[in-house]
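**Q** Okay, here's the prediction I keep looking at, along with the sequence it came from:
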Amino acid sequence: MEIQRNISEFILLGLSDDRNVQIFCFVLFLLCFIALLVGNFVVLISILCSPLFHQPMYYFLSQLSIMDICYTSSVTPKLICDLLEGTQTISYGYCMVQVFTMHFFGSSEIFIITAMAIDRYVAICKPLHYMIIMNRTKCSFLILAAWAGGVAHAFLQLSMTMQLPFCGPNEIDHYFCDIFPLLKIACTDTYVDGIFVIVGSGVILLVIFLILFLSYAIILFHLRNHSAEGRRKALSTCVSHISVVVLFFGPAIFSYLRPPTAFPEDKVVALFYTIIAPMFNPLIYTLRNTEMKNAMRKVWFHNMFSKETKS
């Protein structure tokens with residue numbers, strides 16, 4: 001059956017019609033995007049240029065930084081340009097690219113966060129077997145599995161979206177192409193498609209969140225047998241991970257685990273998992289992490305001063 005598609009572009013209604021609000025949001029999100037890029041690149045380069053890269057936890061953290069950069073870059077540059085220029089159109093092809101990249105990078109990030117939780121569980125609950133269980137081969141397999149899972153999830157979401165007929169209204173009440181706003185303007189009954197999104201995104205998010213919550217509960221239970229110093233160090237790491245999980249999963253679950261419709265509040269909620277959480281991730285992972293802070297000092301200050309001294 002041929003898909004009816006008379007629309008070649010969509011209009012993104014964005015965050016506000018007020019020009020003053022648009023200028024304010026442009027400055028705010030530009031600064032947020034710059035901070036996100038700087039923070040994640042600093043973390044990434046600090047890990048790659050230090051011995052920390054050979055430790056599983058920091059290997060996963062470097063992958064998370066890459067994913068944060070790619071994930072936010074699939075949406076934020078377009079948002080910033082639209083706010084500056086006042087134009088809010090997006091072609092059908094670019095819209096479909098956004099659907100794919102958002103779900104690909106977003107789901108891959110979720111799987112990487114899960115791999116990080118597995119790493120912490122093994123490190124704290126099975127410390128004597130840690131280096132055997134979490135060797136580089138298995139860590140690389142987990143990363144490849146995260147990417148493969150992201151591709152599979154994004155392909156299913158994209159395939160469903162591309163089957164939708166668009167022949168009437170072309171205004172998307174959002175600042176990027178997301179599935180629920182697209183379902184709202186499709187020229188067909190989208191009830192089944194909405195259920196598919198809830199199961200394919202919302203339920204998966206909830207299940208993974210519950211698994212992560214259970215794993216950290218078990219970790220905290222096992223910390224009773226550790227020394228005071230060991231508990232302090234492990235708690236510092238776990239608190240960072242839990243903060244990232246709550247900041248990312250909370251808004252995402254709200255967006256996808258509910259009746260298949262679009263609400264005005266979705267745009268504000270989406271800011272948390274598309275811009276705010278990726279921006280704060282570097283700060284969360286480095287603020288209470290002594291090893292990370294030492295690596296950053298060595299890479300960014302010690303090496304610079306060494307070069308100046310030699311010159």
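**A** Arrived safely.
**Q** count of neighbours near the nearest residue to residue 59 once chain neighbours are set aside?
**A** The shortest distance from residue 59 to any non-neighbouring residue, by Cβ to Cβ, 6 or more residues apart in numbering, is to residue 139 (5.5 Å). In this view, the C-beta of every residue, glycine as well, is placed from N, C-alpha and C. By the measure other Cβ atoms under 10 Å, the count of residues near residue 139 is 20.
**Q** Can you tell me what sits against stretch 68-86?
**A** For stretch 68-86, contacts defined as Cβ atoms under 8 Å, 6 or more residues apart in numbering pick out 12, 14-15, 19, 22-23, 25-26, 29-30, 32-33, 36-37, 40-41, 44, 87-88, 90, 94, 97-98, 101-102, 105-106, 109, 175-176, 274-275, 278-279, 281.
**Q** Buried residues, whichever strand or helix holds residue 41. List them.
**A** Element membership for residue 41 (DSSP states H and E) is helix 19-48. Buried residues in helix 19-48, defined by neighbour count with 16 or more other Cβ atoms under 10 Å: 22, 25-26, 29-30, 32-33, 36-37, 39-40, 42-44, 46-47.
**Q** Quickly name whichever of these is closest to residue 147.
**A** Closest approach between the buried residues of helix 19-48 and residue 147, by Cβ to Cβ: residue 44, at 16.7 Å.
**Q** just checking, next helix/strand downstream of the longest helix along the chain?
**A** With secondary structure taken from DSSP state H, the chain has its longest helix at helix 92-125. Next in sequence after helix 92-125, counting helices and strands by DSSP H and E, comes helix 130-133.
**Q** Quick one: the strands in the stretch 151-300 of the chain, in order.
**A** Along the stretch 151-300 of the chain, counting by DSSP state E, counting those that start in this stretch, strands occupy 171-172.
**Q** pLDDT below threshold where in it?
**A** 230, 260-264 (pLDDT under 70).
**Q** which residues in it form helices?
**A** Assigned by DSSP state H, counting those that start in this stretch, the helices in the stretch 151-300 of the chain fall at 179-185, 191-197, 204-222, 228-256, 265-271, 277-287, 290-297.
**Q** Please look at residue 52 and residue 58 and confirm they touch.
**A** Yes - using Cβ atoms under 8 Å, residue 52 is in contact with residue 58, at 4.0 Å.
**Q** shared neighbours of those two, anything?
**A** Any residue near both residue 52 and residue 58 by Cβ under 8 Å, 6+ apart counts here, and that gives 291, 292.
**Q** gap between residue 98 and residue 235?
**A** As judged by Cβ to Cβ, to the nearest Å, residue 98 and residue 235 stand 39 Å apart.
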